[in-house]
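1. Here's a sequence, model it:
(one chain, ligands or ions: 2)
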Amino acid sequence: MEREEILSAIYHCVKCKLCSISSFHPNEEWLPLCPSGRFYGYQAFYAPGKLEIFREILEGEISEPTEGLLKAVYACTLCGACYEKCKQITSVEISLPELFEELREELVKKGWFLDTHKNIAEKIKETRNAYGENYKYEAKSFYGADVLYFIGCTARYRVPEIADAMLKIFDKLAIKYQVMEDEWCCGSVLLRTGQVGDVKELREHNIEEIKNSGAKTVVFTCPGCLMTFEKNYPDMGVELVHSSQFLTRLGDMKVKKQGMEVVYHDPCHLGRDLGIYEEPRAVLKEVADVKEMKREREQAWCCGSGGGVKSAFDDFALWSAGERIKEAKEAGADALVSACPFCKRNLREAAEKEGTEVYDVVELVNRSLEG
Ligand code: SF4
Ligand code: SF4
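-> Ligands and ions are numbered 1, 2, ... in the order given. Predicted structure coming up:
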């Protein structure tokens, strides 16, 4: 984005702070929307505060990074709840999370970054995955299959039950699939933390691999990877779909409904960023009774792990997830279900003490498939 475009967007903010509450929600409760502002409490952590920081940096009023400034900028999950609310009350169409990514890029250019994020970039350089793991997630692959499953770092190395479930679904439904022999990190964490310069090589490698595979459809269980391919990769001429979209269009999967009442948690990248709200619910309804939490769809409360927050501010990440667990319990659900490995990992950690079960949609589908 050009400097003038950024400043124009910043000056459009009237500091009304309506982006911090879900007041227009039909349930008419004034529930908080911004996890960062709610947890840290200072104005700087809410969207208008961050915009003011950005303006002051661009106009030369801030020339040194303080610990507080770095925290206000980086302890934001880029969940987009502020943007969705702002969009409803103003004519500004520039995405606030995109502005916050620009802000981080500006900070990184000045050398104002967090060591934790720099370490992730180094791990990716060394191992091509965001967790610095040296082993490979083993999966069979059918050469030349039309469907390619892009697993992603988190499902490969931290929440493998999601990748396992997706692969079992393919097998049970007799769908031939490929997985990339040499899958590299999609670059999402780098793009979200302002380290954009390190992404080119990853992107070029993944594009080359996918083109060489001959696949026509790429399936993702990670909304972060899917969003990165959609928004930060050039068009590869292949179809990109989330697992829930892929499963919905299969039609009757011959699943056995589980006797469970569940709530669905909208992942930010899947919902607010990609507008995919209905397909995960449709798939879930095939296998369980689905209830809604108070904050859902565009108004969903973030799980707390995105935007580089889980690695750098785990206390905040777990608090945010804990708030979601409370909301799930309030809805009277047996389990909380999401459609994102980041969400599952963080929500599961927060739910441990509460005894709440947390799943990904594909896990319940796999469990419900006959055979
Ligand atoms: S709702 Fe929009 S205009 Fe109001 S404070 Fe938030 S970002 Fe600024
Ligand atoms: S993106 Fe989310 S965490 Fe960041 S300021 Fe907006 S609502 Fe708050």
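
2. Give me every residue in the protein lying close to ligand 2.
-> The chain has residues 33-37, 46-47, 76-82, 96-97 near ligand 2, with proximity defined as CB under 6 Å from any ligand atom. (C-beta placed from N, C-alpha, C; glycine too.)

3. Count the residues that sit near the closest residue to ligand 1 within the stretch 51-200 of the chain.
-> Here the stretch 51-200 of the chain gets closest to ligand 1 at one residue, C86, 3.2 Å apart by CB to the nearest ligand atom. Residues within reach of C86, counting by other CB atoms under 10 Å, total 23.

4. coming back round to it: quick check, nearest of the residues of the chain next to ligand 2 to A9?
-> A9 lies nearest to L96 out of those, by CB to CB, at 8.5 Å.

5. element containing the nearest residue to that closest one once chain neighbours are set aside, please.
-> Of all residues not flanking L96 in the chain, Y83 sits nearest, at 4.0 Å (CB to CB, 6 or more residues apart in numbering). Counting by DSSP states H and E, the element that carries Y83 is helix 81-89.

6. So which other helices or strands are in contact with that helix?
-> Identification of packing neighbours for helix 81-89 by 3 or more CB pairs under 8 Å, 6 or more residues apart in numbering; DSSP states H and E yields helix 47-58, helix 96-109.

7. By neighbour count, which bits of the longest one are buried? Give me those.
-> Which is helix 96-109. For helix 96-109, burial by neighbour count (16 or more other CB atoms under 10 Å) applies to 96-108.

8. before we move on, what about the first one?
-> Using 16+ other CB under 10 Å as the test for burial, helix 47-58 gives 47-55, 57-58.

9. Name the SS class of the closest residue to N232 other than its chain neighbours, please.
-> If the residues on either side of it in the chain are set aside, N232 comes closest to L191, at 5.7 Å by CB to CB, 6+ apart. Assigned with DSSP: H, G, I helix; E, B strand; the rest coil, L191 falls in the helix class.

10. Just the CA trace of the worst-scoring helix or strand of the chain on mean pLDDT, in CSV.
-> Least confident helix or strand, the chain: helix 81-89 with a mean of 90, by mean pLDDT, DSSP states H and E. Extracted in CSV, the C-alpha atoms of helix 81-89 (Å, rounded to 0.1, in the frame of the first residue of the first chain):
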residue,chain,number,x,y,z
ALA,A,81,-13.4,-8.4,14.2
CYS,A,82,-12.7,-4.7,14.4
TYR,A,83,-12.8,-4.4,10.6
GLU,A,84,-16.1,-6.3,10.2
LYS,A,85,-17.7,-3.9,12.8
CYS,A,86,-16.1,-0.7,11.3
LYS,A,87,-17.2,-1.7,7.8
GLN,A,88,-20.8,-1.7,9.0
ILE,A,89,-20.7,1.8,10.3
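
11. which residues of this protein fall in strands?
-> Using DSSP state E, the strands of the chain run over 147-150, 177-179, 217-220, 239-242, 261-264, 289-291, 335-338, 357-360.

12. Name the nearest residue to P234, ignoring sequence neighbours.
-> Of all residues not flanking P234 in the chain, I207 sits nearest, at 7.5 Å (CB to CB, 6+ apart).

13. The one you found contacts D235, doesn't it?
-> No - the pair I207 / D235 is not scored as a contact, 10.2 Å apart, by CB atoms under 8 Å.

14. okay, those two: which has more neighbours?
-> Each of I207 and D235 has its neighbours counted (other CB under 10 Å); I207 has more, 15 against 8.

15. now the end-to-end length of stretch 108-122.
-> 15 Å (CA to CA, to the nearest Å).
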